[in-house]
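**Q** 3D model of this:
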Amino acid sequence: MKKNNFKKAINKIHLWLGLSSGIIVFIIAITGCLYAFQEEIQNYTEEYRFVEKQNKAFLPPSKLEQIARKEFPNKSLHAIKYNGPEKSAEAIFFHYEPTYYHIIYLNPYTGKALKNVNMDEGFFNFILDGHFYLWLPDQIGQTVCASATLIFLILVLSGLYLWFPRSKNAVKQRFTFNWKETTRWKRKNYDLHSITGFYVLLIALIFAITGLVFGFEWFAKSFHSALGGEKSLVYVDPVSAKKTIAVTKPVDKIWIRMQKEYPNAKSIEVHPPENDSTAIAANANPEEGTFWKTDYRYFDQYSLKELEVNHLYGKYNDAAVSDKLLRMNYDLHTGAVFGLAGKIFAFLISLLIATLPISGFYIWWGRHRKEKNKTDIASTTIDKIPTEVQEII
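**A** Predicted structure coming up:
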């Protein structure tokens, strides 16, 4: 009796949490689907991302910076990024307050400006804004989406408890669709919800946990600590020791050093110092399409001496397993860690997750209508449905 009462309580929690967060979970899942192949679509449709390979060296960052600053003379240059011999270089202008985010695509051989893109506009920015912020002001939207993700995590776990078969007759019906034995729409809808929910459960948990790492700072710190992590998750620029005599074109020198140390890197990015105290940041990514193996380096802008950091964004080989899992968070969330196949899989799972709030709503709606106006539910196969399932549908 106590077990039945506990199950009813879990069922109520699952129901009301699902009804309260369903529309948000649906939006997050659908926008995740639409964003899944963003990189592939943009590479196919935006020709300015590519250049013809030439048998000569790239222009150094100082030259590309000079060309790019003609477009934005009074804005903060965040970084110059080189993406390989057949891709455009990027001059990234980014700032929090006032907020702006522009990328100027440049031919790395000639310096010709190919395209000035406002990253705060466009279809995929709209989709990403919905996925992270629900198209609300950032602080409010992030809290709402993260809270809905936390509720979704509870829904996944409570759904597993409700799905778990408690009789031998129910085992087969928990794993397979057997719609030949029934024509009842309500039964089919229940199967769609429960069986689909079970098969997407593991990936749904990964989506929820990685989403919560983005959404709540306390969750990210707690998750990292639970994995044994000791490094800080907060990015802090190391400080350069001020000197009266500065090195000539220090960013160019660091870029040359990074090229020598990472000859096979898919991309190399250098960050000019923001002021006379900050360091020169640089990073090299050995893989295309993911970010977690990136080496982040920092150099004193006066002496070019390398500076060590004690946060997550340092050298990959210096990262513990817990640090690597946190660095992998975005690539896991998008499925990119497993390449194109991973993205396709993440897309399909996200699409199935988007159906769960809909099928769950119709389970509730059918039960609600039944309570108001009981209909004839006689069926030649109703006796084959376990009692526990009949109680739910």
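
**Q** need the strands for the stretch 1-150 of the chain, in chain order.
**A** 77-82, 89-95, 100-106, 113-118 (DSSP state E, counting those that start in this stretch).

**Q** give the contact list for residue 163.
**A** 174, 194, 197, 198 (CB atoms under 8 Å, 6 or more residues apart in numbering). For glycine as for every other residue, the C-beta is placed from the backbone atoms N, C-alpha and C.

**Q** same thing with residue 347?
**A** With CB under 8 Å, 6+ apart, residue 347 has these contacts: 33, 36, 37, 335.

**Q** need those residues in CSV (columns: pLDDT, distance to residue 23 and neighbour count).
**A** As requested, the contacts of residue 347 are exported to CSV (pLDDT from 0 to 100; distance: CB to CB, whole Å; neighbours: other CB atoms under 10 Å):
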residue, pLDDT, distance to residue 23, neighbour count
33, 94, 16, 20
36, 93, 21, 23
37, 94, 24, 18
335, 95, 24, 24
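
**Q** residue 174 touches residue 196, doesn't it?
**A** No. In this structure residue 174 lies outside contact range of residue 196 using CB atoms under 8 Å: 11.7 Å.

**Q** of all the contacts of residue 163, which comes closest to residue 27?
**A** residue 197 (18.5 Å; CB to CB).

**Q** tell me the secondary structure for that closest one?
**A** Under DSSP: H, G, I helix; E, B strand; the rest coil, residue 197 falls in the helix class.

**Q** and the pLDDT at it?
**A** If you check residue 197, the pLDDT there is 91.

**Q** got the contact list for the closest residue to residue 253 other than its chain neighbours?
**A** Excluding the flanking residues, the one nearest residue 253 by CB to CB, 6 or more residues apart in numbering is residue 304, at 6.1 Å. Taking CB under 8 Å, 6+ apart, we find residue 304 in contact with 247, 250, 253, 254, 257, 280.

**Q** please identify the deepest-packed of the strands of the stretch 1-150 of the chain.
**A** Stretch with highest mean neighbour count among the strands of the stretch 1-150 of the chain: strand 77-82 (a mean of 23; mean count of other CB atoms under 10 Å).

**Q** that one packs against which elements?
**A** Packing partners of strand 77-82 (3 or more CB pairs under 8 Å, 6 or more residues apart in numbering; DSSP states H and E): helix 61-68, strand 89-95, helix 250-261, strand 267-271.

**Q** residue ranges with poor pLDDT in the stretch 101-250 of the chain?
**A** 168-170, 172, 179-183 (pLDDT under 70).

**Q** quick one: the helices in it?
**A** 123-133, 138-163, 168-175, 185-199, 201-215, 217-226, 250-261 (DSSP state H, counting those that start in this stretch).

**Q** relative to residue 363, which of those helices is closest?
**A** With CB to CB as the yardstick, what comes closest out of the helices of the stretch 101-250 of the chain is helix 185-199 (5.9 Å).

**Q** hey, C-alpha coordinates of the closest one in PDB?
**A** Output in PDB follows, covering the C-alpha atoms of helix 185-199 (Å, rounded to 0.1, in the frame of the first residue of the first chain):
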ATOM      1  CA  TRP A 185      -5.300   6.300 -29.600                       C
ATOM      2  CA  LYS A 186      -4.800   6.900 -25.900                       C
ATOM      3  CA  ARG A 187      -2.800   3.600 -25.600                       C
ATOM      4  CA  LYS A 188      -0.600   4.500 -28.600                       C
ATOM      5  CA  ASN A 189       0.000   8.000 -27.100                       C
ATOM      6  CA  TYR A 190       1.000   6.500 -23.800                       C
ATOM      7  CA  ASP A 191       3.400   4.100 -25.500                       C
ATOM      8  CA  LEU A 192       4.900   7.100 -27.400                       C
ATOM      9  CA  HIS A 193       5.500   8.900 -24.100                       C
ATOM     10  CA  SER A 194       6.800   6.000 -22.000                       C
ATOM     11  CA  ILE A 195       8.800   3.900 -24.400                       C
ATOM     12  CA  THR A 196      10.300   6.900 -26.300                       C
ATOM     13  CA  GLY A 197      11.100   8.400 -22.900                       C
ATOM     14  CA  PHE A 198      13.000   5.300 -21.900                       C
ATOM     15  CA  TYR A 199      15.100   5.100 -25.100                       C
END
